[in-house]
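1. Give me the fold of what follows.
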Amino acid sequence: MQGYFGIYWTYPVPWLGFTRFDGVDHAARISRTIRYQRDIIRREVAALHGVLAAEAAFMENAPDRGTPEVAAEIAQAAKARPELVPVLVDFGQVLGWRRHPDLMRLMNDAGAHFAAPDPIFLAGVRFDPAAHFRDWASRWQDHAQRKDSHRQDVLAALAAAPHGGNAALAAYLNAEGLRTHTGKAWSADNLRKFRAKG
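-> Numbering: from 1, shown residues only. Just a heads-up that it's a prediction; the model follows:
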């Protein structure tokens with residue numbers, strides 16, 4: 001019976017604090033995209049009468065594009081299990097704008113099997129990846145458009161802060177729960193750059 005290696009990947013969402021996960025089970029709990037890929041691939045392997053012998057989840061470095069570094073990391077993981085056929089969901093079949101060219105090239109070279117990104121039910125709710133990613137693109141655009149209002153919120157908080165240098169002010173903003181627009185904690189350095197923009 002052929003063994004398969006399920007490979008799942010997603011983008012980070014730093015402004016929501018989604019920047020890491022610990023293994024496939026944790027990833028599937030906190031990411032619908034990972035959970036979707038896992039379920040699709042498990043169904044695909046069963047339909048192929050194979051066995052899903054290994055799984056791994058990966059997070060991209062960038063929130064808006066696939067990177068060659070993560071593609072190489074995934075390819076290396078697949079190379080470490082040469083007895084298994086890598087299997088991935090090919091979002092590009094219906095979502096050309098989410099295609100990951102570096103990953104697709106390396107996985108094609110590795111003889112990967114690609115599953116179609118069909119809508120399925122997750123926990124009783126229909127999950128359509130095309131609609132899901134359109135919604136995320138819209139949320140990302142809304143977030144980007146709030147950059148000016150976020151800046152005003154930070155400036156107002158700084159105006160109310162006790163006097164101090166950038167390190168003290170960064171600590172103050174963090175304690176107030178006010179992060180950078182990209183969701184990172186403030187540091188003396190990024191606050192200095194923020195204030196230098198006027």
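2. List the beta-bridge partners for the closest residue to residue 31 other than its chain neighbours.
-> Counting by CB to CB, 6 or more residues apart in numbering, residue 10 is the residue found nearest to residue 31 once chain neighbours are left out, at 5.5 Å. C-beta coordinates here come from the backbone N, C-alpha and C atoms, glycine included. Beta-bridge partners of residue 10, counted by DSSP bridges, are residue 59.
3. Surely residue 10 is in contact with residue 32?
-> No - contact criterion CB atoms under 8 Å: residue 10 and residue 32 do not qualify, at 9.2 Å.
4. Okay, and the spatially most distant residue from the centre of the chain sits in which element?
-> Here the centre of the chain is the reference, and by CA atoms, centre = their mean the most remote residue is residue 163, at 37.9 Å. Residue 163 is part of no helix or strand when elements are defined by DSSP states H and E.
5. Helices along this protein, start to end?
-> 23-30, 32-47, 68-79, 101-109, 129-145, 147-160, 166-175, 188-196 (DSSP state H).
6. Render the CA-only coordinates of the last one in PDB, please.
-> Listed next in PDB are the C-alpha coordinates belonging to helix 188-196 (Å, rounded to 0.1, in the frame of the first residue of the first chain):
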ATOM      1  CA  ALA A 188      12.400  51.200  21.200                       C
ATOM      2  CA  ASP A 189      13.600  50.900  17.700                       C
ATOM      3  CA  ASN A 190      10.200  50.500  15.900                       C
ATOM      4  CA  LEU A 191       8.700  53.200  18.000                       C
ATOM      5  CA  ARG A 192      11.600  55.500  17.100                       C
ATOM      6  CA  LYS A 193      10.900  54.800  13.400                       C
ATOM      7  CA  PHE A 194       7.200  55.300  13.900                       C
ATOM      8  CA  ARG A 195       7.700  58.700  15.500                       C
ATOM      9  CA  ALA A 196      10.200  59.800  12.900                       C
END
